[in-house]
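> fold the stuff below for me.
(2 chains, ligands or ions: 1)
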Amino acid sequence: MDFDFSEDQRLLKDSVDRLVRDTYDFEQRKTYIAAADGWSRENWARYAELGLLGVNVSEDHGGFGGGGAEMMLVAEAFGRGLVIEPYYACVVLSGGLLRHAATAPIQDAYLPGIAAGETLFAFAHHERHARFVAHHVGTTATATAAGWVLTGEKSLVLHGDSADKLLVTARVSGGVRDTGGIGLFLVDTNAVSKRGYATQDAMRAAEITLDGVVAEAVLSLDAWPGIARALDEASAYLCAEAVGAMEELLAITVDYMKTRKQFGRAIAEFQVLQHRAVDMKVQIELARSMAMYATMMAAEDDADMRARAISAAKVQVGRSLRLVGQEAVQLHGGIAVTMEYKAGHYFKRLTLIEKSLGDTEAHLERLATMGTAF
Amino acid sequence: MDLSFTAEERQFREELRDFFHTAIPDRIRRKLREGLHPSKEEHVEAQRILNARGLAVPNWPVEWGGQDWTPVQHYFWQDELQQASVPFPVPFNCTMVGPVIAQFGSLAQKQRFLARAANVDDWWCQGFSEPGAGSDLASLRTAAVLEGDHWVINGQKTWTSYAQNADWIFVLARTDMTVKKQEGISFILVDMKTPGITWRPIQTIDGGREVNEVFFDNVRVPAENLVGQVNKGWDYAKFLLGNERTGIARIGISKARMKRIRELAEQELDGDRRLIDDPVFRKKLVSVEIELKALEMTQLRVVAQERHLEKGKPNPMSSVLKIKGSELQQATTELMMDVMGPYIAPFFEEHDLEFGNEPPVGPPDAATAAPMYFNMRKVSIYGGSNEIQRNILAKAVLGF
Ligand SMILES: Cc1cc2nc3c(=O)[nH]c(=O)nc-3n(C[C@H](O)[C@H](O)[C@H](O)COP(=O)(O)OP(=O)(O)OC[C@H]3O[C@@H](n4cnc5c(N)ncnc54)[C@H](O)[C@@H]3O)c2cc1C
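A predicted model of the protein is given here:
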């Protein structure tokens, strides 16, 4: 184990940190949200140019050939900047699915498009009563002469409104919550009906109806092991993104405490508030450690060990982000509940991260059912 | 001591419950139940129905429309009203400025303002906080200078809730710069239509429009609009804040939220299991319910005690109610998000939800769960932040 960055990692970190610093201040971010897609195509092109869209794509497919550690660096920087482009939906989730649940010819056909920023993918997976059970798939896939025909409703599809292609889960056999019999298919977005909307954290999502759509390609007819792996990687990404957002939020809070004066002094001088800032710091340190642990374990081949580690990390990060988000608002006072000030936007993003890929309660239950965190 | 409610008390409670459920239109109560915001017109409509029955301002002196009730009756009133999701009588009128005018105002002021406030013929707003004067309210700088028979007010207020609805604003203004800061403040009633007043909305993180900045530029107010004595405004403000604090506990509202959470958890399916059948979730629910029960009994004790305290003197127990009541309101918003799970994510404008422009995504009330969680962070900040309440209690507990 080595906690220091390699030369390549340092370069990557410097470049993504600089990118966020230069292009993602609070005012600039507002203009991206206001754009036609609800995010910036210009930024997307810039990410492609800097190689960020291919960080974890192999060099053969036009990527950087990096792994979890590299993704963690990007996630943290994007968390700090509250980046709203579809990086998580397209590069992390869909890229992960292509790498772990698709055949070589499919990877050859589509991974270069992600790395180059040419094709936008989204993962159409969640269904209405899945709650936090990732292998809940009720959408059906039927083999016909024309190909696989998909029928069902997909919900909360992140960036499903602007995607070109969808990766769709559908059941080939078995019951709604069986892990066996889940197929993964490629569908052109023009073939589905979709309803896009904004999310609480200024990103986008869509409800998608598959009304007998013929799949463009099959990634896998037994996709669960690959999907589980991609979701575990995505969880590690979210943990790191949360760490970046929490660190920035603490920095914003501490800055404010030093400048805000009440009762003739900076509120940072009130010891009771100092201790609260320190409690935030403690939670962030624990979260950072567990985000690293998640990154490390996301590469584990043993699915059971991997899942338990990911759940442990998601619980710690979920607890940390709740405390950090709430305390940041409280220590600011009224200003943090306004749209005009940035702190509240971090609080909102953090809240949504907790409800993504299983909330704290769901991961506690999963881990308790599977065994031990050790 | 007799720790049971009498038959008359129980009957009184049932009559109120009945009235709230039948007389206040369900179309208004439904909004509160589902986490939406009734319009100004709906608030006024509901309060006028209450007022016609003497139920808008029971906390006021009887001669000005209040009720000669026992503490238990007052508690039943608030509890049943809130549990029925009846919009609370405009607090700026009924909990804040009304009692101040009734206690410290001139006879002319009482005659002019009280009945209109009870009936929301005037909507009041609270002009206390300023950009530089939040927790340290006494450091406020908005100044009023007497010129002939007018106060001339200059300065800025902020966080003014529902200024957009308001006809009048009660303002704390500095009237003496030369004395200790608490001793140079006066309490002045200002018509919002007076030339020189402008306001700007501040959007809250949930997307809501409730707070505003209010600017005063040479605003001329008749001298008779000063309440009580000049430079005694801080005493009146403390009296008002004590009432505001107790009001913020809102236990009945939290109980109504808990009921709604249970209802929705009974419908919400995780696969084919109802969320309410999850024992872990049920434990979380009852934990909050237990704390609410404890707070409710505490509030009853505090209200009963109040009769024996010197009138107008703040009771440190009101800080206990404010801290715990605000925390529990926030806890209910977290439980509601637990019900919604991933469906807290979609964002819709309230206007679009209300008029059905956007069909809901996910369970009922999903669209209001996260906004309510975000918005309700305010209750541990306003009405004197919970840190300030702890400072007050520290003095009482440590005997300083
Ligand atoms: C939604 C909303 C509606 C409101 N409506 C109104 C209204 O209608 N009218 C009105 O006049 N005001 C209103 N307020 C203002 C409210 O009363 C103030 O926000 C509150 O007094 C806190 O002031 P502040 O926001 O400036 O925070 P600050 O006073 O700057 O406090 C920042 C932080 O420092 C802490 N702190 C401050 N002093 C101390 C201390 N001595 N010891 C320990 N900690 C301390 C606070 O607790 C807080 O955590 C509203 C506020 C909100 C958010």
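> domain assignment for chain B?
The record assigns chain B these domain ranges, following automatic domain parsing: B:7-89, B:124-232, B:248-396.
> buried sites along stretch B:127-139?
Using 16 or more other CB atoms under 10 Å in any protein chain shown as the test for burial, stretch B:127-139 gives B:Gly127, B:Phe128, B:Ser129, B:Glu130, B:Ala133, B:Gly134, B:Ser135, B:Asp136, B:Leu137, B:Ala138, B:Ser139. C-betas here are computed from N, CA, C, even on glycine.
> pretty sure the first one is touching B:Lys157, no?
Looking back up the chat, that one is B:Gly127. Yes - here B:Gly127 reaches B:Lys157: they are 4.2 Å apart, a contact under CB atoms under 8 Å.
> so what sits against both of those two?
Residues touching both B:Gly127 and B:Lys157 (CB atoms under 8 Å, 6 or more residues apart in numbering or on different chains) are B:Thr142, B:Ile169, B:Val171, B:Val214.
> out of those residues, who's nearest chain A?
Using CB to the nearest CB, B:Val214 is the member of those that sits closest to chain A, with 14.5 Å.
> so which helix or strand takes in the closest one?
B:Val214 is part of strand B:209-222 when elements are defined by DSSP states H and E.
> flag every residue of the stretch 151-300 of chain A that's near the ligand.
For the stretch 151-300 of chain A, the residues in contact with the ligand (CB under 6 Å from any ligand atom) are A:Arg260, A:Gln262, A:Phe263, A:Ile267, A:Phe270, A:Val272, A:Leu273.
> count of neighbours near the first one?
When neighbours are defined as other CB atoms under 10 Å in any protein chain shown, A:Arg260 has 18 of them.
> can you report phi and psi for it?
The phi/psi pair for A:Arg260 (degrees, to the nearest 10) reads phi -70, psi 120.
> name all residues that make contact with it.
Residues near A:Arg260 by CB under 8 Å, 6+ apart: A:Ala266, A:Ile267, A:His332, A:Gly333.
> kindly report the same for the third one.
For A:Phe263, the contacting residues are B:Ser135, B:Asp136, B:Ser139, by CB under 8 Å, 6+ apart.
> quick one: it and A:Glu241, what's the gap?
Relative to A:Glu241, A:Phe263 is positioned 37 Å away (CB to CB, to the nearest Å).
> same question for the second one.
Remark: distance between A:Gln262 and A:Glu241 (CB to CB) = 33 Å.
> which of the two has more neighbours?
Between A:Gln262 and A:Glu241, A:Glu241 has the larger neighbour count (other CB under 10 Å), namely 30 against 19.
> so which helix or strand takes in that one?
Per DSSP H and E: helix A:224-259 holds A:Glu241.
> quick check: mean pLDDT of that helix?
What helix A:224-259 shows for mean pLDDT is 98.
> elements contacting it?
helix A:68-81, helix A:95-101, strand A:182-188, strand A:265-266, helix A:271-297, helix A:303-332, helix A:343-354 (3 or more CB pairs under 8 Å, 6 or more residues apart in numbering or on different chains; DSSP states H and E).
> mind putting the ones you listed into JSON lines with mean pLDDT and mean neighbour count?
Converted to JSON lines, these look like this (pLDDT from 0 to 100; neighbours: other CB atoms under 10 Å in any protein chain shown):
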{"stretch": "helix A:68-81", "mean pLDDT": "97", "mean neighbour count": "25"}
{"stretch": "helix A:95-101", "mean pLDDT": "97", "mean neighbour count": "24"}
{"stretch": "strand A:182-188", "mean pLDDT": "98", "mean neighbour count": "25"}
{"stretch": "strand A:265-266", "mean pLDDT": "98", "mean neighbour count": "13"}
{"stretch": "helix A:271-297", "mean pLDDT": "98", "mean neighbour count": "18"}
{"stretch": "helix A:303-332", "mean pLDDT": "98", "mean neighbour count": "23"}
{"stretch": "helix A:343-354", "mean pLDDT": "98", "mean neighbour count": "24"}
